[in-house]
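Undergrad: From the sequence below, what's the structure:
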Amino acid sequence: MISGHVSPTAIQGFANLTYAREGQNVTLYVDSHVASYRAIAYRMGWYQGLGAREVWASPLEMGVVQPPCTLTSATNMVSCANWQPSLVMPVTPSFTPGDYLIKLTGGARAQSYILLTIWDPSSRAAYVIMNRSLVEEAWNTYGGYSFYKGEGPCIIDQASYPPCNRARVVSFDRPYDTDFGASDFLTNEYPLVQFMEREGLDVTYISDVTLSQDPGLLLRHRVLLSLDHDEGWTYTERLAVQNAAAHGVNVVYFGAAAMVRHDRLQSSPLGANREVVDYRNSYEDPLNGGNEPAQVTGNTWESPPADWSPLSQIGEEYSGYLSPGVTAPMVINDASSWVFQGTNLHDGSSLGGVIASDIDHVTDGSPSNVEILAHSPIPAGEGTISGGTWGGVSYSDMVYFTYPASGAGVIDTGNNVWIGDLRPCIEAGCSAPVLRKITNNILRAFGQGPAGLVHPSQPNADSVSPFDS
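TA: Below is the predicted model:
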């Protein structure tokens, strides 16, 4: 653990790989303003409640202050590929596949993390957790620029949103600027990792970059688990999930706003797939007008020329977000579903404080057999709503649908903080215990194979109230 008394800039770093396998060497690039430090690799998990296991530690390394990172003004891309390599970490058999935090520690005030996924290309585990490298980097403002924020004047267009001084390309060749370098891993991913490993489930780990490079890997597994706030997807990644579902692989989208942003990968000076491209305006993208329309990065996947709505894959669409710090209860719509078995919930039951951040909502384009499990009112005044409203209220929907041909089941929670909600809590009325039960029900059914063969979805969109909401 890192305390809040650490200097955010005393020591920072990144790895030359977002994911690695046994037998590879991972090069670490470290900017250290202290004389010496160590790097310690921790595999994150349950471990009887300790939360992590130390796997490797470096010798004492000499601290080096690296040069300022470069800015490519044409795209506002910040890259630290000009840093000198600091040390090499060999991925030995001790590195069990999983999610890793490499802790850089140079004293009480000089500590930070580097994220890394260790994967097993031969794994046939039932469950695959897919880390969200694309989203982590998209929101990373190290050096002043991300896909959502920038500094200085406009560089291409004059739009106020998305901000015209934003980055059009972001690089993995730089540290993460939040949570001591861990970005939002500890809140949006780690609670599910702990939960599944505590339950002893047969789980393995990849990243979205892994899937973009090896799209056939999902066919060796039964369930893909997409995590909180998994909004940035590549074309190859989407095709991989579409193909997997067509072959009976179940998918859980634990976070809302999945597949909203359209990304593609390109090489950096440090290696393949080290830069993420998202112009968020197809007319700015150099590929626009070429022979690869599905690779052109408009503001969303639905934007031309890609024109590929995520509705057929997730069952509903992004519908806005609650203001920071605002939560809403999840209201059960179909308590008879197998998803709620053993929870003692009934139609209309309200689970307080469960919904926050982005929300998804069923629309006319949703699959015809979609089953609305929860239909939770979101007052329009408590956020920014991009979908419809009914009497000043929108809705966050938790949905389930199945593929008739393959039997694959898909669940979208419609809520962007489901995984964070799994964390233990002690306050009265905490919803975590029932959410853990619901999550276990989903994992148990999905882990046995195509869920639709046992639990075909029961369409009920016509029964929600208000009508057509």
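
Undergrad: remind me which residues of the stretch 1-150 of the chain are low pLDDT?
TA: Within the stretch 1-150 of the chain, not a single segment meets pLDDT under 70.

Undergrad: the strands in it, which residues?
TA: Read by DSSP state E, counting those that start in this stretch, the stretch 1-150 of the chain holds these strands, from start to end of the chain: 11-15, 19-20, 25-32, 36-44, 52-57, 61-62, 70-72, 77-79, 87-90, 98-105, 111-118, 127-131.

Undergrad: what comes up buried for the third one?
TA: To tie it back to what came earlier, the one meant is strand 25-32. By neighbour count with 16 or more other CB atoms under 10 Å, strand 25-32 contains the buried residues 26, 28-32. Glycine gets a C-beta too; all of them are placed from N, C-alpha and C.

Undergrad: What of the longest one?
TA: Burial within strand 36-44, assessed by neighbour count using 16+ other CB under 10 Å, is assigned to 37, 39-44.

Undergrad: could the strands of the stretch 1-150 of the chain go into CSV alongside distance to Arg238?
TA: Conversion of these to CSV gives the following (distance: least, CB to CB, whole Å):
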stretch, distance to Arg238
strand 11-15, 26
strand 19-20, 19
strand 25-32, 28
strand 36-44, 27
strand 52-57, 32
strand 61-62, 41
strand 70-72, 27
strand 77-79, 24
strand 87-90, 32
strand 98-105, 23
strand 111-118, 20
strand 127-131, 13
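
Undergrad: Out of those strands, flag the one nearest Ala408.
TA: Ranking the strands of the stretch 1-150 of the chain by proximity to Ala408 (CB to CB) places strand 127-131 first, at 13.9 Å.

Undergrad: CA atoms of that closest one as CSV?
TA: Included here for strand 127-131 are C-alpha records, laid out as CSV according to Å, rounded to 0.1, in the frame of the first residue of the first chain:
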residue,chain,number,x,y,z
TYR,A,127,-13.2,-16.9,-17.0
VAL,A,128,-11.2,-14.1,-18.6
ILE,A,129,-10.8,-10.8,-16.9
MET,A,130,-9.9,-8.1,-19.5
ASN,A,131,-8.0,-5.2,-18.1
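
Undergrad: Tell me which strands that strand pairs with, and in which orientation.
TA: Take DSSP bridges as the rule and strand 127-131 pairs in its sheet with strand 203-207 (parallel), strand 223-226 (parallel).

Undergrad: now whatever helix or strand comes next after the shortest one: how far from the chain's centre is it?
TA: Of the helices and strands lying after strand 223-226 in sequence (DSSP states H and E), the nearest is strand 232-234. A distance of 10 Å separates the C-alpha centroid of strand 232-234 from that of its chain, computed with CA atoms, centre = their mean, to the nearest Å.

Undergrad: Please list the residues outside strand 232-234 that contact it.
TA: By CB atoms under 8 Å, 6 or more residues apart in numbering, the list of residues contacting strand 232-234 from outside reads 132, 134-135, 138, 208, 212, 258-265, 276, 278, 301.

Undergrad: ditto for stretch 56-71
TA: Residues external to stretch 56-71 that are found in contact with it (CB under 8 Å, 6+ apart): 11, 29-41, 77-84, 86-87, 89, 92, 94-95, 106, 142-143, 145, 174.

Undergrad: Chain neighbours aside, what residue packs nearest to Gly352?
TA: Pro329 (4.8 Å; CB to CB, 6 or more residues apart in numbering).

Undergrad: measure that neighbour to Ser357 for me?
TA: Between Pro329 and Ser357 the distance, using CB to CB, to the nearest Å, works out to 15 Å.

Undergrad: With Gly290 instead?
TA: Using CB to CB, one obtains 35 Å as the distance from Gly290 to Ser357.

Undergrad: again, but for Ala20
TA: Using CB to CB, one obtains 30 Å as the distance from Ala20 to Ser357.

Undergrad: Just the helices from this structure, written as ranges.
TA: Under the criterion DSSP state H, the chain contains helices at 133-138, 185-188, 190-198, 208-213, 235-246, 311-314, 418-421, 432-446.

Undergrad: Tell me the helices and strands packed up against the second one.
TA: Meaning helix 185-188. Helix 185-188 is packed against helix 418-421, with contacts defined by 3 or more CB pairs under 8 Å, 6 or more residues apart in numbering; DSSP states H and E.

Undergrad: Repeat that for the first one.
TA: In terms of contacts (3+ CB pairs under 8 Å, 6+ apart), helix 133-138 is packed against strand 111-118, strand 169-171, helix 208-213, strand 232-234, strand 261-268, strand 271-277.

Undergrad: closest to Ala245 out of these?
TA: Distance to Ala245, taken as CB to CB, is lowest for helix 208-213 among these, at 13.4 Å.

Undergrad: Now do that closest one: distance to the chain's middle.
TA: So, by CA atoms, centre = their mean, the centroid of helix 208-213 is 13 Å from its chain's centroid.

Undergrad: neighbouring contacts of that helix?
TA: Applying CB under 8 Å, 6+ apart, the contact partners of helix 208-213 are 18-19, 117, 119, 130-134, 217-218, 230, 232-234, 236-237, 240-241, 265, 272-273.

Undergrad: ok, Leu435 - contacts?
TA: Under the contact definition (CB under 8 Å, 6+ apart), the residues listed for Leu435 are 351, 354, 418, 421-422.

Undergrad: let's see 10 Å
TA: Contacts here follow CB atoms under 10 Å, 6 or more residues apart in numbering; on that basis Leu435 touches 195, 330, 343, 351, 354, 413, 415, 418-419, 421-423.
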